[in-house]
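Peer 1: generate coordinates for the sequence data below:
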Amino acid sequence: MNPIRFHNTLSSEIEEFIPIDGKNVKMYVCGITPYDKCHLGHGRCYVVFDIIRRYLEYYGYNVEYIQNFTDIDDKIINKSKEQNLGFKEISEKYTNDFFENCKKLNIKSANKYPRVTEHIPEIIATIKLLIEKEFAYAVDGDVYFAVNKFKDYGKLSKRNTQDLLVGARIAPGEKKKNPLDFALWKSSKPDEPSWDSPWGKGRPGWHIECSSMSLHEIGRETLDIHGGGQDLIFPHHENEIAQSEAATGKPFSKYWLHNGFVTINKEKMSKSLGNFFALQDIFQKYDPMVVRLFLISQHYKAPLDFSDQKLDQAKNNWERIYRSKELAGNLLQTAREGALSVLYKNLADEFITNFKESMNNDFNTSEAMAALHGLVNQLYSYEKDKSNELTKSAIEYTLKKLEELAGVLGLVFPQKQSVNEKAMTMAFERETARKNKDYVKADELRKKIDNMGYIVEDTSKGPRLKHKISG
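Peer 2: Okay, the predicted model is just below:
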């Protein structure tokens, strides 16, 4: 296969992917702060990196995938006060919500899910090292990273420290020396959760956690891939680079990947703007595979504008995809035995090649989907194919390749369900009514069948029932 090439945020260039350790890939993706329901923006991020991981594994790499939880944070503390619950109860509640949504979207589990509260000793050790190396300083129980000590600050986001200083200020209560300095350790307030440290009781700042946890969990100073949403480039990932490389003297990550936003009327979807859609609410109307298909319909770096119309289109596409598998199953019952034709093998293999080329080109899922649809169209064409070369082997080979690509994209075909006998009886009654030109009765029966969760399909061999999908 051709090499995988993708856009590295650090260099702003398309680069060939060459892991540090041969076929072994260390990949870290910033996880959620569990203080509220997961929304579609979260869904996009974790579906994107799930597919990147799946494709790397399909390509032949061994991927160790780490994703953290920021289970202590101002937002969690505020929510615990609002609901009169402990911060652990809040974080656990929304962590479980995250896992439920991931399961529905068929996102593979990470190898590890480190949590901040489980890595306080490692975080404290990193902060102590930064102080020893004079990249950080303590003031009255708080510890700050001294940005002016790290000469490469801004290299990820392409920002200049002098430009950042324009308009920057030190907020009331902060004790840092420079407006750009950021907190590594926050002294605790009387009503907040806290941990003992050399600087007094407190809790970690946001940025330090990922540096400490990734270094601890991966077991080496440099990651192969660090990922997250575009909103994390600055300041979060910029600060991660500064503190990690100041501590180790090594690059923090060789490659940086960032997915684009989900937008509503071209405006970023976010909780702070109040324009977000919770995944669990969307799943009430649309099958999770429809949502997943929508989330990969655009290149991962491009904005993805949300609308019911686009989800409806994804629903139609998904129905056509999985119906092609059902069709193949029906065709196999009557297809003749015989060897796999070179013609049909080459047709299917060409789509596989196109898929790989698309994914090797910066994980272009929108183009990769075209290859998958090509296999779907090939299966549909078999229904009217009278060629002697169309054998069971040809149908099985095409179906196998479709399932292969669907698996890389994380699409799960519905399990075949038995048809309700009552619904089937009504379908034949409707067929009789149609033949007798009793269209009123036929329409009533169709509506009843629809309410039972089926679509009636009229064929030359009689009525056929199909299970409806959500949406």
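Peer 1: how about the residue lying closest to F252 once chain neighbours are set aside, phi and psi?
Peer 2: Leaving aside its sequence neighbours, F252 sits nearest to S244 (CB to CB, 6 or more residues apart in numbering; 3.9 Å). Just so you know, the C-beta spots here come from the backbone N, C-alpha and C atoms, and that holds for glycine as well. Dihedral pair for S244: phi -70, psi -50, per degrees, to the nearest 10.
Peer 1: burial measure for S244, as a count.
Peer 2: 27 (other CB atoms under 10 Å).
Peer 1: you'd agree it is up against S211?
Peer 2: Yes: the criterion here is CB atoms under 8 Å, and S244 meets it with S211 at 4.2 Å.
Peer 1: between these two, what contacts are shared?
Peer 2: Contact criterion CB atoms under 8 Å, 6 or more residues apart in numbering; residues shared by S244 and S211: F252.
Peer 1: what mean pLDDT does the helix or strand hosting C102 have?
Peer 2: Taking DSSP states H and E as the criterion, C102 maps to helix 87-104. For helix 87-104, the mean pLDDT works out to 97.
Peer 1: gap between that helix and the chain center?
Peer 2: On the basis of CA atoms, centre = their mean, to the nearest Å, the separation between the geometric centre of helix 87-104 and that of its chain is 16 Å.
Peer 1: for it, list every residue counted as buried.
Peer 2: 87, 90-91, 93-95, 97-98, 101-102, 104 (16 or more other CB atoms under 10 Å).
Peer 1: ok, now stretch 195-212?
Peer 2: Under 16+ other CB under 10 Å, the buried positions of stretch 195-212 are 195, 197, 199, 202-212.
Peer 1: and for stretch 14-26?
Peer 2: Residues of stretch 14-26 classed as buried: 15, 17, 19, 25-26 (neighbour count, 16+ other CB under 10 Å).
Peer 1: swap in stretch 58-75?
Peer 2: Buried residues in stretch 58-75 (16+ other CB under 10 Å): 58-59, 61, 63-73.
Peer 1: what of stretch 392-409?
Peer 2: Result for stretch 392-409 [16+ other CB under 10 Å]: buried residues 392-395, 397-399, 401-402, 405-406, 408-409.
Peer 1: okay, these in a markdown table with pLDDT and distance to A442 next?
Peer 2: Output for these, formatted as a markdown table (pLDDT from 0 to 100; distance: CB to CB, whole Å):
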| residue | pLDDT | distance to A442 |
| --- | --- | --- |
| K392 | 95 | 36 |
| S393 | 96 | 41 |
| A394 | 96 | 38 |
| I395 | 96 | 34 |
| Y397 | 97 | 40 |
| T398 | 97 | 36 |
| L399 | 97 | 34 |
| K401 | 98 | 40 |
| L402 | 98 | 35 |
| L405 | 98 | 40 |
| A406 | 98 | 36 |
| V408 | 98 | 43 |
| L409 | 98 | 39 |
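Peer 1: strands - which of these land there?
Peer 2: Within these, no residue falls in strands by DSSP state E.
Peer 1: list just the nearest of the residues you listed to Y300.
Peer 2: Each of those was scored against Y300 by CB to CB, and L409 proved nearest at 12.3 Å.
Peer 1: torsion angles phi and psi at K435?
Peer 2: When read as degrees, to the nearest 10, the backbone of K435 gives phi -60, psi -30.
Peer 1: could you do D458 as well?
Peer 2: According to degrees, to the nearest 10, D458 has phi -90, psi 120.
Peer 1: now stretch 26-45: how far from the chain's centre is it?
Peer 2: Relative to its chain's centre, stretch 26-45 lies at 8 Å (CA atoms, centre = their mean).
Peer 1: now do the same end-to-end measure for that stretch.
Peer 2: End-to-end distance of stretch 26-45: 18 Å, with CA to CA, to the nearest Å as the criterion.
Peer 1: buried ones in it, by neighbour count?
Peer 2: For stretch 26-45, a neighbour-count test (16+ other CB under 10 Å) marks 26-45 as buried.
Peer 1: re earlier: which ones among the buried residues of stretch 58-75 lie within strands?
Peer 2: Judged by DSSP E, those include 63-67 as members of strands.
Peer 1: closest to L130 out of the residues you listed?
Peer 2: Minimum distance to L130 across those is 21.7 Å, recorded for I66 (CB to CB).
Peer 1: what's the weakest-modelled helix or strand in this structure?
Peer 2: Scoring the helices and strands of the chain by mean pLDDT, DSSP states H and E places strand 267-268 at the bottom, with a mean of 74.
Peer 1: from the chain's centroid, how far away is the next helix or strand after that strand?
Peer 2: Sequence order places helix 279-282 as the next helix or strand after strand 267-268, per DSSP H and E. From the chain centre to the centre of helix 279-282 is a distance of 15 Å (CA atoms, centre = their mean).
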